[in-house]
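*Asks:* below is the sequence, then the predicted model.
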Amino acid sequence: MSWVSEYEYTWLERTIMRSLRACAHIPHHVAFVMDGNRRFARSQHIDKIEGHSMGFAKLADCLRWCLDIGIREVTTFAFSIENFKRSSEEVEGLFNLAREKFCKLLDETDRLNEHGIRIRVIGNIELLPLDLQKLIALAMLRTEHNDKLFLNVAFSYTSRDEITQAVKTVLELGEEGHLTGEDISERLLEECMYTRHSPPPDLVFRTSGESRLSDFMMWQLSNSVLYFTNVLWPQITIWNFLGSILAFQRDRSQINELKRSERINASHLAKSTNLYSERVQGFLQTMDTNRRELLLKLSVST
Ligand code: FPP
Ligand code: MG
């Protein structure tokens with residue numbers, strides 16, 4: 001199963017997709033919380049890992065729909081740090097599935113490059129087995145020149161950990177870069193998150209009837225439209241997806257209003273915190289260089 005499926009649209013689906021794309025405002029960034037894989041597996045009397053594998057197939061359909069409707073950035077919650085508490089059999093099964101999918105991705109880099117898809121894994125990957133870290137690093141490096149669709153895979157991720165890591169970065173690198181108390185701001189912390197290069201999601205889509213965020217992108221979601229459906233992730237259809245786009249459009253004017261006021265706050269913050277001082281720029285550059293060097297080191301590890 002490829003990362004972008006060859007989904008075959010019916011005439012009606014294609015027509016609605018086209019007219020939505022042509023006439024309506026499409027969210028720039030959509031985040032998916034793929035929940036309900038094990039309940040689906042239980043209902044079908046199949047193994048849980050088979051349920052997760054069918055969940056991946058659904059993600060590949062979603063990526064196809066997102067590409068075709070004009071969404072530019074997708075973030076998907078694939079493995080929470082909380083998931084380490086599951087049975088070792090399930091955790092190992094999920095890692096094997098991820099190994100298989102990242103190997104597949106490396107095999108089909110040409111196809112991803114054709115679509116212009118850049119993969120970024122967001123999360124604390126140092127908690128993962130080294131061979132998986134290496135596959136992740138290779139996937140990120142081999143697609144780093146693409147810029148048509150950004151796919152962020154949250155793997156070994158929680159928001160609390162992301163914020164904690166951002167604070168550590170400020171403390172550890174900040175000392176070297178001689179940051180002062182004046183340089184520390186919301187904006188600076190935001191720049192230290194894994195999502196540094198992404199705008200916040202416009203829409204979050206969560207399945208399986210759970211209306212919670214489960215420690216997912218809590219920093220980034222303050223103004224996002226939240227869309228919850230009772231359908232289990234492996235069972236979603238293009239109609240659920242289109243339903244979420246319509247819900248986004250309905251709430252859009254409200255969001256725009258909020259964003260307008262946020263922009264005013266943001267420009268106010270930027271002025272008052274020296275985010276663009278040479279010192280801060282140097283710090284951010286060092287952080288980016290260190291992060292890329294870590295990927296390069298992992299990509300040649302044995
Ligand atoms: C949540 O359902 C799903 C997960 C914890 C794993 C999702 C992972 C995939 C679909 C594979 C993705 C792999 C890559 C490489 C992108 P659940 O297990 O919480 O199910 P439940 O809510 O029914 O218990
Ligand atoms: Mg669940």
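*Replies:* Sure thing, it's come through. Ligands and ions are numbered 1, 2, ... in the order given.

*Asks:* C-alpha only now, for contacts and for neighbours.
*Replies:* Fine.

*Asks:* leaving out the residues flanking it, which one is nearest to the closest residue to ligand 1 within the chain?
*Replies:* Using C-alpha to the nearest ligand atom, the closest approach of the chain to ligand 1 is made by G36 at 3.3 Å. Excluding the flanking residues, the one nearest G36 by C-alpha to C-alpha, 6 or more residues apart in numbering is L232, at 4.7 Å.

*Asks:* contacting residues around that neighbour?
*Replies:* L232 makes contacts with D35, G36, N37, R39, F40, T207, S208, G209, as judged by C-alpha atoms under 8 Å, 6 or more residues apart in numbering.

*Asks:* what is the nearest of these to E89?
*Replies:* Nearest to E89 out of those is N37 (C-alpha to C-alpha; 15.7 Å).

*Asks:* is it true that the closest one touches P234?
*Replies:* Yes. Here N37 reaches P234: they are 6.3 Å apart, a contact under C-alpha atoms under 8 Å.

*Asks:* pLDDT at T180, what is it?
*Replies:* Listed pLDDT for T180 reads 87.

*Asks:* try N274
*Replies:* Reported pLDDT for N274: 53.

*Asks:* who are the contact partners of the residue of the chain closest to ligand 1?
*Replies:* T207, S208, L232, W233, P234.

*Asks:* how far away is E175 from R279?
*Replies:* 11 Å (C-alpha to C-alpha, to the nearest Å).

*Asks:* looking at these two, which one has more neighbours?
*Replies:* R279 (17 against 12; other C-alpha atoms under 10 Å).

*Asks:* which element is the more buried one on?
*Replies:* Taking DSSP states H and E as the definition, R279 sits inside helix 278-299.

*Asks:* Three-state assignment for V231, please.
*Replies:* Each residue gets one of three states, and V231 gets coil by DSSP: H, G, I helix; E, B strand; the rest coil.

*Asks:* what about it, how many residues nearby?
*Replies:* Applying other C-alpha under 10 Å, I find that V231 has 17 neighbouring residues.

*Asks:* and I26, by the same measure?
*Replies:* 21.

*Asks:* among the contacts of G36, name the buried ones.
*Replies:* T207, S208, L232, W233, P234 (16 or more other C-alpha atoms under 10 Å).

*Asks:* shouldn't A41 be in contact with D47?
*Replies:* Yes. Judged on C-alpha under 8 Å, A41 makes contact with D47 at a distance of 6.1 Å.

*Asks:* the two: who's more crowded?
*Replies:* A41 (20 against 13).

*Asks:* skipping its backbone neighbours, what lies nearest the more buried one in space?
*Replies:* In space, A41 is closest to G51, 4.7 Å off (C-alpha to C-alpha, 6+ apart).

*Asks:* just the buried positions in the helix or strand that contains that neighbour, please.
*Replies:* Secondary-structure assignment from DSSP H and E places G51 in helix 48-69. By neighbour count on 16+ other C-alpha under 10 Å, the buried set for helix 48-69 is 48-67, 69.

*Asks:* now swap in stretch 123-137 and tell me
*Replies:* Quick answer for stretch 123-137 (16+ other C-alpha under 10 Å): G123, N124, I125, L132, Q133, K134, L135, I136, A137.

*Asks:* likewise for stretch 89-98?
*Replies:* In stretch 89-98, counting by 16+ other C-alpha under 10 Å, buried: E90, V91, G93, L94, F95, L97, A98.

*Asks:* contacts only, for the most centrally placed residue in the chain.
*Replies:* Centroid-nearest residue in the chain, with C-alpha atoms, centre = their mean: T75, separated by 2.3 Å. With contact taken as C-alpha under 8 Å, 6+ apart, T75 is in contact with H29, V30, A31, F32, L151, N152, V153, A154.

*Asks:* mind doing that once more with 10 Å?
*Replies:* By C-alpha atoms under 10 Å, 6 or more residues apart in numbering, the contact list for T75 reads 29-33, 119-122, 150-154, 195, 198, 201, 204, 217.

*Asks:* give me the phi and psi for it.
*Replies:* Dihedral angles of T75 (phi, psi; degrees, to the nearest 10) stand at phi -120, psi 130.
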